[in-house]
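Enquirer: Fold the following, please.
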Amino acid sequence: MASAVANLHSGNNARFNAEALSWDSRPFVHEASAGAANAIRARLDRLQTPEAGYEVLEIGCGTGILSFMLARDERVRRIVCVDAAEGMINVLKTKVEKDKEVGEKIVPLAILLEDAEDMALPPAANGNGRQKFDLITSHLVLHHIPNLKSVLETMYACLAPGASVMLTDFENVSAESKSFHPASKMDGVARHGINAKEMSEVMKSVGFQQVDVRAHWTMDKTVERYAGEFGKEDGAKTAQEFSKLAGAYGNRIGSRRRLWRRVPRWAHIPLLVTLVCACIGLLRGIGDLYDQHVKRYPTDFSILHFGANETLALPPPEQPMRYTQGSQIDERYTYLRDLGHGQEGSAALYADLESGDIVVAKTFTTIARNPLPAILAEDFKGVATTWPSEIEAGITLGSHLSGFVPVYDYFVLQADGAGHSWTMVSPFLSNGTLQSFAKREGSDSHVSVRQLDQYYRPALDRVLRSLHRLHRLHLCHDDVKPDNFFMKDSLDWLLGDLGNLRHVGHQWHRTRSWTRQNQWRDCRLNDVRRALKSYLWFLRTASVDTSTFDRAFWSRSEGWAEIYWDFVKSVSGVSASDQKGNSRKDEASLAAGTERELVCTGVPRHLWTWWDYLLWY
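Expert: Alright, predicted model coming up:
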């Protein structure tokens with residue numbers, strides 16, 4: 001909170017000098033300054049930061065509470081803090097001495113700033129006059145200044161070209177604004193808050209562009225019920241509470257009840273509805289945060305760690321730690337090119353110098369959610385206690401099942417000048433994913449859906465058998481989709497991306513976030529459903545005529561459609577007549593309905609129905 005500025009005289013400065021030592025003990029002062037700092041930082045987010053950082057001038061800085069908050073922002077290079085009350089500046093200097101790390105950004109000056117070329121200001125970098133600033137701030141100062149235009153002209157002259165002022169004060173909206181100050185503190189108060197319209201006009205008359213004067217935040221403060229209620233005692237107590245304070249380019253004042261009475265009657269119901277929706281949204285957000293916490297619970301792979309004869313089936317790493325050496329990982333793998341980046345990490349192609357194969361090395365950057373098995377603890381002692389579930393799934397499933405992308409090698413990679421990260425090596429399948437394969441097939445396809453189904457049905461059968469074997473191990477893939485099928489050849493589709501593999505009964509499958517993403521609670525049935533969807537999506541994308549596919553899909557006139565709807569009916573009870581009615585819709589509606597039905601993940605917003613919006617909440 002500020003104490004004094006230009007146009008304030010010694011009588012008012014005496015008050016702030018006397019209160020300087022106790023100024024920082026007032027909670028209201030800190031709360032108001034925090035609101036101003038948040039409003040200023042929010043505005044800075046929309047501006048381009050100067051290359052060297054912001055040079056800031058705060059006029060009426062008081063003991064520097066706001067200055068310290070802004071100085072902690074990495075975008076701020078230096079803050080020149082000006083105040084006419086020497087007592088306030090002395091307190092600020094003491095704080096600067098105590099907090100060297102932040103204080104080194106702060107330059108306290110006890111001056112009455114009325115001239116942009118005041119010799120007390122730092123010199124310009126080019127030696128021509130005084131420094132000009134990228135940003136000028138003042139907080140709860142303007143209501144002390146009789147001549148606003150004069151101080152705004154001084155601020156304007158202190159700005160560098162293209163720079164900004166960000167001023168905060170309480171707004172004068174009615175006679176009640178007078179209650180901001182108790183009767184004993186009226187000396188030195190030039191006005192009871194800032195009138196937004198008048199302030200905007202004065203700023204424009206000075207020459208400011210893109211002027212924006214409006215309320216940015218509110219806060220509470222207790223005021224006198226009658227003049228003189230708080231007496232003449234020190235103002236520390238009276239500055240703690242206030243009914244409504246809005247800041248950043250103008251403030252708003254009034255009790256909650258008075259504010260509600262100023263709202264037109266016709267707006268009461270819409271406001272209440274908005275409040276209810278906001279509360280529902282808040283509860284939804286809290287629920288989602290909890291669900292995301294549950295999602296990171298570890299997967300139980302213990303059943304895979306031992307073979308049928310109780311022998312260990314978890315192969316140890318060939319080399320627990322490997323190191324990058326230029327474009328190589330140790331002397332084993334040579335970098336070829338990047339494949340892409342995702343939420344979990346990045347993947348790149350490498351040449352395996354030992355086997356001569358081209359392999360994919362996936363490096364993980366996300367926090368690993370599975371504890372490292374005890375049998376491997378010694379290998380990675382002092383390096384890691386957790387590891388990615390995708391690595392554990394890959395190396396354990398590789399010794400039990402076919403139909404999944406195997407893991408050839410795994411290790412902790414120490415990069416040059418960086419930390420270490422888990423890395424796994426798997427084969428490079430040049431045919432790509434089912435998603436890219438389908439688009440290549442469909443680009444010049446002259447084949448009907450029936451012919452495609454006759455040729456590719458064995459691939460689907462292999463996938464379903466692989467999932468069945470996985471489910472017998474009490475595990476679910478949880479992320480079956482076209483982009484996670486890797487093509488060993490046209491009829492051998494391997495399931496990869498095992499990072500979402502979870503055991504049956506994992507709590508994630510019981511959360512609302514899971515079911516809201518178009519998933520079934522039984523993860524085994526959900527895997528099969530998504531595999532069937534992926535296969536039908538492939539047939540549709542690779543076929544010569546999608547409209548023929550759509551009509552046959554909804555009318556169930558082909559065997560491939562029967563497979564899907566019979567499965568859905570066996571689980572959800574959807575009847576054939578329910579689907580055949582859709583086949584009579586127009587072509588565009590059929591296409592949208594088919595796209596929606598074959599989506600494996602959450603339904604895209606452009607395909608949502610009113611029911612989806614209700615379920616979202």
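
Enquirer: roughly how far out does the one helix or strand residue 82 maps to sit from the chain middle?
Expert: Element membership for residue 82, per DSSP states H and E: strand 76-83. Put simply, strand 76-83 sits 31 Å off its chain's centre (Cα atoms, centre = their mean, to the nearest Å).

Enquirer: per-domain residue ranges of the chain.
Expert: 10-262, 302-427, 434-616 (automatic domain parsing).

Enquirer: Least reliable of the ones you listed by average pLDDT, please.
Expert: Lowest mean pLDDT within the domains of the chain: domain 10-262, a mean of 79.

Enquirer: if I pick residue 526, what's in contact with it?
Expert: Each residue near residue 526 by Cβ atoms under 8 Å, 6 or more residues apart in numbering is listed here: 476, 478, 519-520. All C-beta spots, glycine's among them, are computed from the backbone N, C-alpha and C.

Enquirer: before we move on, what SS does the residue minimising distance to the centre of the chain have?
Expert: Per Cα atoms, centre = their mean, the C-alpha nearest to the average position across the chain is that of residue 289, at 12.3 Å. The assignment at residue 289 comes out as helix when based on DSSP: H, G, I helix; E, B strand; the rest coil.

Enquirer: For the stretch 51-200 of the chain, which segments count as strands?
Expert: With strands called from DSSP state E, counting those that start in this stretch, the stretch 51-200 of the chain shows them at 54-59, 76-83, 106-110, 133-139, 159-168.

Enquirer: okay, the shortest one in CSV with CA atoms only?
Expert: So that's strand 106-110. In CSV, the C-alpha atoms belonging to strand 106-110 read as follows (Å, rounded to 0.1, in the frame of the first residue of the first chain):
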residue,chain,number,x,y,z
ILE,A,106,14.9,-2.8,-5.7
VAL,A,107,16.2,0.8,-5.7
PRO,A,108,14.5,2.9,-2.9
LEU,A,109,14.3,6.7,-3.3
ALA,A,110,12.9,9.1,-0.8
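
Enquirer: gap between that strand and the chain center?
Expert: With Cα atoms, centre = their mean as the basis, strand 106-110 stands 37 Å off its chain's centre.

Enquirer: same thing with the last one?
Expert: Shown here is strand 159-168, whose average C-alpha point lies 29 Å from the average C-alpha point of the whole chain (Cα atoms, centre = their mean).

Enquirer: Counting neighbours, which of the contacts of residue 526 comes out on top?
Expert: Counting neighbours by other Cβ atoms under 10 Å, residue 476 leads those with 25 neighbours.

Enquirer: how about the strands in the stretch 451-600 of the chain?
Expert: For the stretch 451-600 of the chain, the strands defined by DSSP E, counting those that start in this stretch occupy 475-476, 485-489, 492-495, 502-503.

Enquirer: Out of those, which is the most enclosed?
Expert: With neighbours defined as mean count of other Cβ atoms under 10 Å, those peak in mean count at strand 475-476, which reaches a mean of 26.

Enquirer: of all the strands of the stretch 51-200 of the chain, which lies closest to residue 39?
Expert: Nearest to residue 39, of all the strands of the stretch 51-200 of the chain, is strand 159-168, at 6.4 Å by Cβ to Cβ.

Enquirer: Can you show me the strands along the stretch 201-350 of the chain?
Expert: Using DSSP E, counting those that start in this stretch, strands in the stretch 201-350 of the chain cover 321-325, 328-329, 333-341, 345-352.

Enquirer: Give me the distance from the longest one to the chain's centre.
Expert: If I follow you right, that is strand 333-341. So, by Cα atoms, centre = their mean, the centroid of strand 333-341 is 28 Å from its chain's centroid.

Enquirer: next one: the shortest one
Expert: In terms of Cα atoms, centre = their mean, the gap separating the centre of strand 328-329 from the centre of its chain is 34 Å.

Enquirer: Can you name every helix or strand that that strand contacts?
Expert: Under the contact criterion of 3 or more Cβ pairs under 8 Å, 6 or more residues apart in numbering; DSSP states H and E, strand 328-329 touches strand 333-341.

Enquirer: Contacts for the strand holding residue 82, please.
Expert: Contacts for strand 76-83 (Cβ under 8 Å, 6+ apart): 2-5, 50, 52-62, 64, 67, 70-71, 89, 92, 105-111, 113, 121-122, 131, 133.

Enquirer: Neighbouring strands - and their directions - for it?
Expert: strand 54-59 (parallel), strand 106-110 (parallel) (DSSP bridges).

Enquirer: Kindly export it (C-alpha atoms) in CSV.
Expert: C-alpha atoms of strand 76-83 as CSV (Å, rounded to 0.1, in the frame of the first residue of the first chain):
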residue,chain,number,x,y,z
VAL,A,76,11.1,-7.9,-13.8
ARG,A,77,14.8,-6.8,-14.0
ARG,A,78,14.7,-3.8,-11.6
ILE,A,79,12.2,-1.7,-9.7
VAL,A,80,12.9,1.9,-8.7
CYS,A,81,10.7,2.6,-5.6
VAL,A,82,9.8,6.3,-5.0
ASP,A,83,8.0,7.7,-2.0
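
Enquirer: if I look at residue 300, how far off is residue 501?
Expert: Distance of residue 300 to residue 501, computed by Cβ to Cβ, to the nearest Å: 11 Å.

Enquirer: Show me which of those two is the more surrounded one.
Expert: For residue 300 versus residue 501, the count of surrounding residues by other Cβ under 10 Å is larger for residue 501: 24 against 15.

Enquirer: Can you classify the residue nearest to the more buried one when sequence neighbours are not counted by secondary structure?
Expert: Excluding its sequence neighbours, the residue lying closest to residue 501 (Cβ to Cβ, 6 or more residues apart in numbering) is residue 393, at 4.4 Å. For residue 393, the assignment made with three-state DSSP gives helix.

Enquirer: Quick one: residues contacting residue 393.
Expert: Residue 393 neighbours (Cβ under 8 Å, 6+ apart): 299, 301, 475, 498-499, 501.

Enquirer: of these, closest to residue 137?
Expert: residue 499 (47.0 Å).

Enquirer: Just to check, that closest one is in contact with residue 389?
Expert: Yes - applying Cβ atoms under 8 Å as the test, residue 499 and residue 389 come out as touching, 6.0 Å apart.

Enquirer: re the thing from before, which one, of the strands of the stretch 51-200 of the chain, ends up nearest to residue 383?
Expert: When these are ranked by proximity to residue 383 (Cβ to Cβ), strand 76-83 comes first, at 38.5 Å.

Enquirer: could you give the angle of that closest one to strand 133-139?
Expert: 50 degrees (axes from the mean of the first three to the mean of the last three Cα atoms, to 10 degrees).

Enquirer: Okay, buried residues for strand 76-83 please.
Expert: 76, 78-83 (16 or more other Cβ atoms under 10 Å).

Enquirer: if we can go back for a sec, out of residue 499 and residue 389, which sits in the busier spot?
Expert: Higher neighbour count among residue 499 and residue 389: residue 499, with 23 against 20, using other Cβ under 10 Å.

Enquirer: From residue 424, how far off is that one?
Expert: 10 Å.

Enquirer: Then residue 290?
Expert: Applying Cβ to Cβ to residue 290 and residue 424 gives a distance of 30 Å.

Enquirer: Compare neighbour counts for these two and give me the winner.
Expert: residue 424 (24 against 13).

Enquirer: Need the nearest residue in space to residue 473, chain neighbours excluded.
Expert: Nearest non-adjacent residue to residue 473 (Cβ to Cβ, 6+ apart): residue 303, at 5.9 Å.

Enquirer: wait, isn't the one you found in contact with residue 474?
Expert: Yes - in this structure, residue 303 is within contact of residue 474 by Cβ under 8 Å, at 6.4 Å.

Enquirer: which one is residue 591 nearest to, not counting chain neighbours?
Expert: Distances taken as Cβ to Cβ, 6+ apart place residue 550 nearest to residue 591, at 5.7 Å, with adjacent residues excluded.

Enquirer: number of nearby residues for the one you found?
Expert: Neighbours around residue 550, by other Cβ under 10 Å: 24.

Enquirer: Same list (the strands of the stretch 51-200 of the chain) but as a markdown table, adding distance to residue 526.
Expert: Putting the strands of the stretch 51-200 of the chain into a markdown table (distance: least, Cβ to Cβ, whole Å) gives the following:
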| stretch | distance to residue 526 |
| --- | --- |
| strand 54-59 | 52 |
| strand 76-83 | 51 |
| strand 106-110 | 58 |
| strand 133-139 | 54 |
| strand 159-168 | 52 |
